[in-house]
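Trainee: mind folding the following:
(chains A, B and C)
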Amino acid sequence: MQIYICVKHVPDSAAHITILDKNRIDESISFLLNPYDEHAVTEAAKIKNNTPDSEVIAVCLGKNDAEKTIRSALAMGADRGILITCDKNYDSMVTALALKAAIEQDGTPGLIFTGKESIDAEGMQTMFRIGAVFDFPVATNVVKLDIEVDKAVVDCELSGGITNTYEMSLPCVLGAGKGLNTPRYPTFPDVVKSKKKPVQKIVFTDLNIKDSPAGMRIVELEPLHQARQPKEIKGDAGFVAKEIIRILKQEAKVL
Amino acid sequence: MNQKFDAIIIGAGVIGCPIAYELSKMGYKTLNVDKLPDAGEGSTAGSCAIVRAHYSTADGVAMAYEGFKYWLNWENYLDNVTDEKGLAKYMNTGSLLLKSQGHDWKKVQKNYDEVGVKYEEWDNDKIKKMVPVADLHEFWPVTRPEDPAFYNEPVKELEGGIFCPEGGYVNDPALSAHNIMRAAEAKGAKFMFNAEVVDIRSENKRVTGITLKDGTQIDAGIVVNVGGPHSFKINKMAEGVWEGCNIKTKALRHEVMYCPSPEEYDYLNKGYHMSDGDIGCYVRPEVGNTFLIGSEDPDCDPQEWVDPDDFYAGKGGHGKDNVLTEEQWKAQCYRLGKRIPTLSVPNQPKGVVDLYDCSDDWIPVYDKSDLPGYYMAIGTSGNQYKNAPVVGHMMAQLIDACEKGLDHDKKPLQYKFKYTDRSTDVGFFSRKREINYNSSFSVNG
Amino acid sequence: MMKNIGVIIELDKGRVKETNFGMITLARAKDTQLFAFVMDADAKSVKEVLESFGITKIVEVWLAPDQLNNPVTRAKAMINAIKEFNISMVFGLSTAMGKDLLPRIAAHLFAPLVMDCFYVDLEQKIAKTYQYSGKTIATIQLTGEVLVFGIRPNAIEPVKAQEKAQMLKFDSSHIVATGFRVIKSGGIDKTTRINLAEADVIIAGGRGMKNSENFNILFQCAKKINAAVGASRVAVDAGWVPYSMQVGQTGEKVSPKVYIACGISGSIQHFAGMKTSGMIIAINTDENAAILSNCDYYVKADALEIIPTLTKILDNG
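Mentor: Residues are numbered from 1 along each chain as shown, chains lettered A, B, ... in the order given. A predicted model of the protein is given here:
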């Protein structure tokens, strides 16, 4: 079975974000494999080890530097990688088309993984778009997975421990959630072994993705400034507690 | 009317607090001023707080060995003061120095013999028994993951190591500074926080006091620069001081990595502090069964000298600011991964980025200055945390002797250790010295 | 030309959730017809409340009873309804349900979608949302025949606008999802604790918690406010809680909507792990604690007293 994992090269969540030209970020910061994709790679590698005649292929649409992320996926258990090189950032709709074209050129997907979202754009939709263009069923925030001969049974987390269980035909597209597994990070020997694994490079323009009238474009990026003005809550325990509840309900809107 | 003290100490980190403590015990009325909100919140908090004795000079070894006596009797040293935050703990793991081409271990061993440091020679079998996860091949020279040579197969093994049963780390360096502050306060010392020094005043060629950012002037006949990475900026505020130093200091950026230990190895409770010059790293255990991985500054690693104010404000960009870089994360973790082949390295860097106050030869400047009344305890170069209590005592003696008429430049103070039967020539730390080429020019000291 | 705007209503046990009203308010605009799509109740039962917020057409979407909880069927039915009623802009809530519905709709319509937006300009066709782990606000331009928006719950103030609504029916009871079957809905895994990195609310304890048992106070409160429980390095170092709960420079870096710091002094190292929190509430007996000058609300009191009181009040409803 050919298991494809669609991975993304994203900024480290701890990095300083500096905005340039009011619409893009300074990319000279640390980038790495999207954290949710780590769960996808780990799961794919597990399935491969239990399924004879399978391979795991990491596919990525990104700039040249994104090869580092494919290498991370290889070190974590993927067998080979495909980097679709491009020189700008594309939206989820174009990304899905590019990934589909690259996968179809390469082989026959038995299973396609993504992470449930990328920590930069947080669009939460690419796996559904991949499913739509392939006409495969899709589930996201998958926290439990059983692959049987002709179907996948998944638990998808809605929020805080509540899950739905779905049964999907194969091939299907799965968005990995944090609860799916504990990522199996590479040791140095894993890194050395993975250096021999091949990464094929395709140029995005060679995929001839048609320009579409529909799309999403970032027209402005602004930093979120947080200047805090501390306000004291005074009173006895009962008053303070009630006031905190009010703040959580009315101001933070989390209750 | 300005407030007046006998001595103003600029900085309330792990070196500034013991100086206040010792001077207060001698009867001086001291005030520490620090621009941060609490003691030990600056570069002290980023210290790996390693306590070990291997230095490249006999004096270095002696001072470190003396320091042990303070850490091992912490409550006593603090004169049993209570700190509402609790006490910092010294964790005696023992210290293993691997014999390698990256560390002049023969010089260290000679110094141990001279000073009387207890140690055992361990062969590879013994090391493998005590550190079952270790691969003892030689990986020298130290390279970076970007270099194809990084992946060369090793061909031979190292030749064992030197184990000191006395050695380890302090679990909370910021807290240790806070402890010393409380001990100093019990002796009458005063502390002022959120107080940034912008000027050092002098009159008739003597120091007269300081001025804070908000305009407050405080007077004192003695001012001590213990400003850590900001030390060079402070020296420049005082008349004639910067020019009178042959050895200068500047701030060097450092990344320290926190990488989880292999699950089957209880590093936190069974592991040693290890100095591994073969891979250019030193490690010690950290909470969460983690390896704290420090770098021994191999030649292949870039050195970033930065402006401390920009750095702490998060400015400077990738590799110069206070955010870990993915390149250095891989460098330090993969280097350790050669020594410990089962070490799993996460993709996201985790650890601490902070500054060393580095002197030209990585040996501190513990000295007076060309401005009478102005002293400095600077250039700690990332290797003096362990000596802090000793330095406090030594600086207090130096200041007292100079104030009472000693011409320290001409006739350097001979400092007698409290516990070790040895004296050290404080002139060794002179600001006027020529660069000391005996130094290892690294965090090893 | 009159534009048709569609709002997908989310219900809980037959009642329209309050979070819909802000979204409906946002979707109202000049020269538009505002349609509400209801899949989980009959239009009559929700007519009054939807009319009070400006809905002019309520479409009751019929699904086969055994397909009601199938997200693929629901999406298919909505896609057909969107086409049938010529909807050019679709609004839904960016909730757990919405995350499983809206992207399916957008994907099959080949329409742009912005999730978790807190602002939409219907005329300019732009939406604003957060990106890069809460560090930036992105303004996104959408183009296409149909646009889809996932609205952040509670991001917009609901404003009433009385209208009279026409009731319509859309029969999608023939739709059956292929290749996708629901085996169980709403299973609860009692052992799952909300993940620190993904939590909207975090309640964290530090030195002021004094010991391991007192952390139960935080766990109990967390259950009531749907929060994850964190800790400062001091609490982990002391062995009161496991390392997985540590927030800070050398622990987990979090960005919740609310961070409640109990007995935490707020060292620079701790701040490095939570400074991008939307709101910080600090409870500390030490009036010199650094966190009190770098938070949004503070209480000079013992968290060991305040938090149980908070839990009790929430318990009593």
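Trainee: run a quick neighbour tally on residue 152.
Mentor: Since no chain was named, I'll use chain A. Using other CB atoms under 10 Å in any protein chain shown, residue A:152 is surrounded by 22 other residues. No exception for glycine: its C-beta is placed from N, CA and C like everyone else's.
Trainee: think we crossed wires, I meant chain B
Mentor: Quick note: residue B:152 (other CB under 10 Å) scores 10 neighbours.
Trainee: now swap in residue B:400 and tell me
Mentor: For residue B:400, using other CB under 10 Å, the count is 17.
Trainee: shouldn't it be within a helix?
Mentor: Yes - assessed by DSSP: H, G, I helix; E, B strand; the rest coil, residue B:400 belongs to a helix.
Trainee: check the gap between the nearest residue to residue C:166 once chain neighbours are set aside and residue C:165 for me.
Mentor: Leaving out its chain neighbours, the residue that sits closest to residue C:166 by CB to CB, 6 or more residues apart in numbering or on different chains is residue C:57, at 5.0 Å. With the distance defined as CB to CB, to the nearest Å, residue C:57 ends up 6 Å from residue C:165.
Trainee: spit out the residues that contact these two alike.
Mentor: Shared contacts of residue C:57 and residue C:165, defined by CB atoms under 8 Å, 6 or more residues apart in numbering or on different chains, comprise residue C:36.
Trainee: neighbours around the residue nearest to residue C:166, how many?
Mentor: 19.
Trainee: can you check residue B:302 too?
Mentor: Here the number of neighbours of residue B:302 (other CB under 10 Å) works out to 9.
Trainee: contacting residues for residue 172?
Mentor: The chain I'm using is chain A. Residue A:172 neighbours (CB under 8 Å, 6+ apart): A:111-112, A:131, A:136-139, A:152, C:179.
Trainee: wrong chain, I was asking about chain C
Mentor: Each residue near residue C:172 by CB under 8 Å, 6+ apart is listed here: C:61-63, C:73, C:76-77, C:80-81.
Trainee: rerun that using 10 Å as the cut-off
Mentor: C:39, C:61-64, C:67, C:73-74, C:76-81, C:84 (CB atoms under 10 Å, 6 or more residues apart in numbering or on different chains).
Trainee: and for residue B:146?
Mentor: B:300, B:327, B:330-331.
Trainee: narrow the contacts of residue A:172 to those in helices?
Mentor: Within the contacts of residue A:172, residues falling in helices by DSSP state H are residue A:131.
Trainee: considering the contacts of residue C:172, which possesses the most neighbours?
Mentor: Neighbour counts for those peak at residue C:78, which has 27 neighbours (criterion: other CB under 10 Å).
Trainee: which residue is the nearest non-sequential neighbour of that one?
Mentor: In space, and not counting its chain neighbours, residue C:78 is closest to residue C:105: 5.4 Å by CB to CB, 6+ apart.
Trainee: same question, residue B:181
Mentor: residue B:39 (4.3 Å).
Trainee: same deal with residue B:87?
Mentor: Closest residue to residue B:87 apart from its sequence neighbours, by CB to CB, 6+ apart: residue B:179 at 5.7 Å.
Trainee: one more: residue C:275?
Mentor: residue A:226 (7.5 Å).
Trainee: which residues of the stretch 151-300 of chain B lie near chain A?
Mentor: Residues of the stretch 151-300 of chain B lying near chain A by CB under 10 Å from any CB of the partner chain: B:151, B:153, B:259-260, B:262.
Trainee: need those residues in CSV (columns: neighbour count).
Mentor: Below are those laid out as CSV (neighbours: other CB atoms under 10 Å in any protein chain shown):
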residue, neighbour count
B:151, 14
B:153, 6
B:259, 25
B:260, 18
B:262, 17
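Trainee: if we can go back for a sec, quick check, nearest of the contacts of residue A:172 to chain B?
Mentor: Nearest to chain B among the contacts of residue A:172: residue A:112, at 21.4 Å, using CB to the nearest CB.
Trainee: list the contacts for residue B:336?
Mentor: For residue B:336, the contacting residues are A:188, B:257, B:259, B:274, B:276, B:279-283, B:291, B:293, B:343, B:345, by CB under 10 Å, 6+ apart.
Trainee: residues contacting the helix or strand hosting residue C:47, please?
Mentor: Using DSSP states H and E, residue C:47 sits within helix C:43-51. With contacts defined as CB under 10 Å, 6+ apart, helix C:43-51 is touched by C:7, C:9, C:11, C:14-16, C:18, C:20-21, C:24, C:34, C:36-38, C:40, C:55-61, C:160-169.
Trainee: just the buried members of those?
Mentor: Among the contacts of helix C:43-51, the ones that count as buried by 16 or more other CB atoms under 10 Å in any protein chain shown are C:7, C:9, C:11, C:16, C:20-21, C:24, C:34, C:36-38, C:40, C:55-61, C:165, C:168.
Trainee: now, which of those lie within helices?
Mentor: C:20-21, C:24.
Trainee: just the closest of these to chain B, please.
Mentor: residue C:20 (37.5 Å).
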